[in-house]
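A.B. asks: Can you look at this prediction? I've put the sequence above it.
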Amino acid sequence: MTAMLRVAEGLGRGVLRGADEVGFAAALFVESLFWAVLGPARRQPVRLPAVFAQMLQIGLEALPIATVLAATIGMMLAIQSLYSLGLFGAEHFATVGIGLSVVREFAPLIIGILIAGRSGSALAARFSTMMINQEVDALRVIGISPVRFLVAPALIAMMIMVPALTMWAILVALTAAGLLVTAALEISLGAYFADLISVLSVNDLTHGLGKSVLFAALIALVSAVNGALADGGAEGVGRRTTRAVVHSIAAIIMVDMIFAFVVTSG
Amino acid sequence: MTAQASQLTSAQEPAAVSPAAPVIRVEGLQAFYGAQQVLFDVDLTVMPGEIMVVMGGSGSGKSTLLRHLVGLSRPAAGRVELLGLDITRARSMEMLALRRKIGVAFQGGALFSSMNVLDNIMLPLREHARLDRKTMEIMARLKLEVVNLAGADALMPSELSGGMLKRAAVARAIIMDPTLLFFDEPSAGLDPTVSSALDDLILKLREAMNMTMVVVTHELESAFKIADRITILDQGRILLVDDVAGVRRSDNPRIQNLLNRRSEETEVDAQAYLQRLTGETPTPPAATNETPEAS
């Protein structure tokens, strides 16, 4: 009985803590938005150099690995599509499957997971270290909002660069897939892209890029929340960084499913 | 207030404090960490130009008191008034204006690791003053001269020694020419020579800039050297507020233990001991035998 009570108590605490963190993330989002929109009028703008520095770190520096991953995913999809559709003699439909899968699902998901692991961890580690070293306290006593100074630039940069990287990943993955498809179906690359254009609609692109904007916000906010709650020295930084990556990826996959369900069921 | 400070962006200024009025007034301050109370009805006043040293052993509540004084924590009860503004009820714009008048030098320096020393020191100016970069650089270098760190402007915080970090933190704390300056353990982790130099710097700053200072420390030698008055905290309560001579004269055994660096034989409370063993929340410590004193 006591053991069950303890389990129930632990579960309850976990749910409350989770709700608390979601609320905190929502507050950070609203406050970041506040500073981005009203900061200049209050002579406390979000620092553009910080936004550009974050954009460089999140976007440009991730370009090589994003390219490699996108090309690999594109080729993998092409191989699987050609094989599975080939069982029914329907290889020529491979373009439809590849186009829709890459644009609506794989490109946003793979970029989301990549950025969560790469930049989300870096953000969480940075915020955690700043918390533990009292740098965040120093900002507050100087009269600088830590949300304006740290969170808003990361959030803005993330919400610009993740969709941009997703767009790039779509182009790379479709091109890489095209190389295999054109060879297998003995069609020209031009014909392949013409097929893609006829299959894909603006709606598909909005679906993929819309998701990537959501993923970007999730990564930035989950990292910021974990950084802000850090304690316990170097071990605390490690714990919070791991937690930020795991939670970001879990949140991305769950939101992906919910987004797909909501959009397609309408 | 200097010419540079007069160019600060105009937000709502805290009320002007008359020369005789306390710069800091704390009344009935109570603070908790979770369910545990760490400050019990703390009353404290600090007068203009005074150096008030807050002393106490580990866990006495001195760092918690400092966090409440600089507005980093909200009290569970009581009020904290800085320069005439009750910071427990102040609006954000009032707090912003107040923050330009106070400086805090943190224990570990708390310099931003991504910026060099000069950018760290200029940050408050960049945020609050509308000055061109060249002017801000000159002002920051002047402050580096004041803290004897001339030439260190291009160094990153990771390249500084412990003493240099603390002095750079002081330079950042005084860049806005504050009225009120707080130090958290300025001597902690420093060798006696560097520690003594930092004490001299604190005295020099008071003399040159007529600042009111609150210094939290557990270093006796340092406290006796710089303090006008000393507040001794023990288990979240103020044991004594007096000048150096008064503190030395005190016959309170707990103060004598602190002064003579003797470990304290705390009376064992059977119930509290049992609660600690079973992991239950301990009840707050009993009141000490000396009446809390506010000057």
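C.D. replies: Perfect, I can see it now. Residues are numbered from 1 along each chain as shown, chains lettered A, B, ... in the order given.
A.B. asks: Going by C-alpha atoms from here, please, whenever you check contacts or count neighbours.
C.D. replies: OK.
A.B. asks: Is there proximity between the strand or helix carrying residue A:154 and chain B?
C.D. replies: When elements are defined using DSSP states H and E, residue A:154 is found to belong to helix A:152-185. No: using C-alpha under 8 Å from any C-alpha of the partner chain, helix A:152-185 stays clear of chain B, coming no nearer than 14.9 Å.
A.B. asks: Please work out the average pLDDT along that helix.
C.D. replies: Averaged across helix A:152-185, pLDDT comes to 96.
A.B. asks: Only the buried residues of it, if you could.
C.D. replies: Of the residues in helix A:152-185, those buried by neighbour count under the rule 16 or more other C-alpha atoms under 10 Å in any protein chain shown are A:152-182.
A.B. asks: Which residues are in contact with the residue in the stretch 151-266 of chain A that chain B sits nearest to?
C.D. replies: Closest residue of the stretch 151-266 of chain A to chain B, C-alpha to the nearest C-alpha: residue A:233 (13.1 Å). Residues in contact with residue A:233, defined by C-alpha atoms under 8 Å, 6 or more residues apart in numbering or on different chains, are residue A:132.
A.B. asks: Show the pLDDT at it.
C.D. replies: Residue-level confidence at residue A:233 comes out at 82, pLDDT.
A.B. asks: What of residue A:254?
C.D. replies: Per-residue confidence at residue A:254 stands at 95 (pLDDT).
A.B. asks: Let's verify it: helix, strand, or coil?
C.D. replies: helix (DSSP: H, G, I helix; E, B strand; the rest coil).
A.B. asks: That one and residue A:80, how far apart?
C.D. replies: When C-alpha to C-alpha, to the nearest Å is the yardstick, residue A:254 and residue A:80 sit 25 Å from each other.
A.B. asks: Phi, psi for the residue in the stretch 101-250 of chain B that chain A sits nearest to please.
C.D. replies: With distances taken as C-alpha to the nearest C-alpha, the stretch 101-250 of chain B approaches chain A most closely at residue B:110, which sits 4.8 Å away. Here is the backbone geometry of residue B:110 (degrees, to the nearest 10): phi 50, psi 40.
A.B. asks: quick one: contacts of stretch A:220-230?
C.D. replies: Contacts of stretch A:220-230 (C-alpha under 8 Å, 6+ apart): A:21, A:24-25, A:28-29, A:120-121, A:123-129, A:131-132, A:151, A:154-155, A:158, A:236-237, A:240-241, A:243-245, A:247-248.
A.B. asks: need the contact list for residue 170.
C.D. replies: Defaulting to chain A. A:70, A:102, A:103, A:107.
A.B. asks: my question was about chain B
C.D. replies: Taking C-alpha under 8 Å, 6+ apart as the test, what residue B:170 contacts is B:104, B:105, B:147.
A.B. asks: Tally up the residues packed near the last one, please.
C.D. replies: Spelled out, it's residue B:147. Neighbouring residues of residue B:147 were enumerated by other C-alpha atoms under 10 Å in any protein chain shown; the total is 23.
A.B. asks: Isn't it up against residue B:166?
C.D. replies: No: taking contact to mean C-alpha atoms under 8 Å, the distance of 9.5 Å between residue B:147 and residue B:166 leaves them out of contact.
A.B. asks: what ranges do the helices span in chain A?
C.D. replies: Remark: helices assigned in chain A by DSSP state H are A:2-38, A:48-58, A:63-86, A:94-101, A:107-115, A:121-132, A:135-142, A:146, A:152-185, A:189-199, A:202-228, A:233-265.
A.B. asks: Residues of chain A that sit close to chain B?
C.D. replies: Contact residues, chain A versus chain B (C-alpha under 8 Å from any C-alpha): A:44, A:130, A:133, A:134, A:135, A:137, A:138, A:140, A:141, A:142, A:143, A:144.
A.B. asks: Mind doing that once more with 10 Å?
C.D. replies: With C-alpha under 10 Å from any C-alpha of the partner chain as the criterion, chain A meets chain B at residues A:42-45, A:126, A:129-145.
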